[in-house]
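J.: need a structure here:
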Amino acid sequence: MRDLLGAGWQQSSRLALVTLLVANLLPLFAVLSGSWTLFSVMYLYWAENGVVGFYNVPKLALAQGSVGQKLFQIPFFGFHYGIFWFVQGVFVFVLFGGGLRSFTLSDLLQAPQPLWGALGLMVLSHGASFTNNYVGRGEYKLVTVEQQMKQPYGRVVILHIVVLFGGIVVLMLGQPLVALVLLVLLKTGFDFSVHLRQHLRT
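T.: As a prediction, this is how the structure comes out:
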């Protein structure tokens, strides 16, 4: 495993790795300062899944395949992934946000004010990976539209299960600081590992 991650480290852009690490550590400092609750952390991680889906659209546009494939696959991905992401958000609000009276997208998108800076960093982090790795290092030349369609789901599903399970444990423990910190560190380490593995394909 160490050799695999080492290869991923060599093949991924340093800027993408640094922004990924910074974006993931910001919640740690926010939790340690006492300004973020468990819901803040869970909301941020759910919102990040939306950022992942957003960047997959231009990735699909650049991936190897016919124009006809892309005209069908891109709208289909937007619809399918959008529903998938919406349902994830409902789970986050019901389990950690005290529930919702109406599960509309506008309800879900009303992010707590302190999270906007962290969300901006998440956008920059995934943007750096897209620009430096996918485009700059030519990853788009090595992936088909069908392969790129599936790529976000593997990362998002695994991370969501890990974070969701960890969040439930933290909730059951009464949201102690140590448990919240461990949850953030767990997600950061797991996200870093998944990022490196993804870039082994090039």
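J.: Which parts of whichever strand or helix holds Lys70 count as buried, going by neighbours?
T.: Using DSSP states H and E, Lys70 falls within helix 67-96. For helix 67-96, burial by neighbour count (16 or more other C-beta atoms under 10 Å) applies to 69, 73-74, 77, 81, 84-85, 88-90, 92-93, 95-96. (C-beta placed from N, C-alpha, C; glycine too.)
J.: Quick check: the farthest pair among the residues you listed?
T.: Gln69 and Phe96 (38.6 Å; C-beta to C-beta).
J.: distance between the helix holding Lys70 and the chain's centre?
T.: Here the centre of helix 67-96 is set off from its chain's centre by 13 Å, with C-alpha atoms, centre = their mean, to the nearest Å.
J.: which secondary structure elements does that helix contact?
T.: Judged by 3 or more C-beta pairs under 8 Å, 6 or more residues apart in numbering; DSSP states H and E, the packing partners of helix 67-96 are helix 38-62, helix 105-108, helix 145-172.
J.: buried stuff in the last one?
T.: Read that as helix 145-172. 145, 148-149, 151-153, 155-156, 159-160, 162-164, 166-167, 170.
J.: That helix vs helix 38-62, what angle?
T.: 180 degrees (axes from the mean of the first three to the mean of the last three C-alpha atoms, to 10 degrees).
J.: so after helix 145-172, what's the next helix or strand?
T.: Counting by DSSP H and E, what follows helix 145-172 is helix 177-198.
J.: pLDDT on that following helix, on average?
T.: Here helix 177-198 scores 78 as its mean pLDDT.
J.: Next, the angle helix 145-172 makes with that helix.
T.: Computed by the same axes, to 10 degrees, the angle between helix 177-198 and helix 145-172 is 170 degrees.
J.: Only C-alpha atoms, please: export helix 177-198 in CSV.
T.: Extracted in CSV, the C-alpha atoms of helix 177-198 (Å, rounded to 0.1, in the frame of the first residue of the first chain):
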residue,chain,number,x,y,z
LEU,A,177,-14.5,17.5,21.1
VAL,A,178,-12.1,14.5,20.9
ALA,A,179,-14.6,12.5,18.9
LEU,A,180,-15.3,15.4,16.5
VAL,A,181,-11.5,15.9,16.0
LEU,A,182,-11.1,12.2,15.3
LEU,A,183,-13.9,12.3,12.7
VAL,A,184,-12.3,15.2,10.8
LEU,A,185,-8.9,13.4,10.9
LEU,A,186,-10.4,10.2,9.7
LYS,A,187,-12.1,11.9,6.7
THR,A,188,-8.9,13.9,5.9
GLY,A,189,-6.7,10.8,5.9
PHE,A,190,-9.2,8.8,3.9
ASP,A,191,-9.8,11.6,1.4
PHE,A,192,-6.0,12.0,0.9
SER,A,193,-5.6,8.2,0.3
VAL,A,194,-8.5,8.1,-2.2
HIS,A,195,-7.1,11.1,-4.1
LEU,A,196,-3.7,9.5,-4.4
ARG,A,197,-5.2,6.2,-5.6
GLN,A,198,-7.2,7.9,-8.2
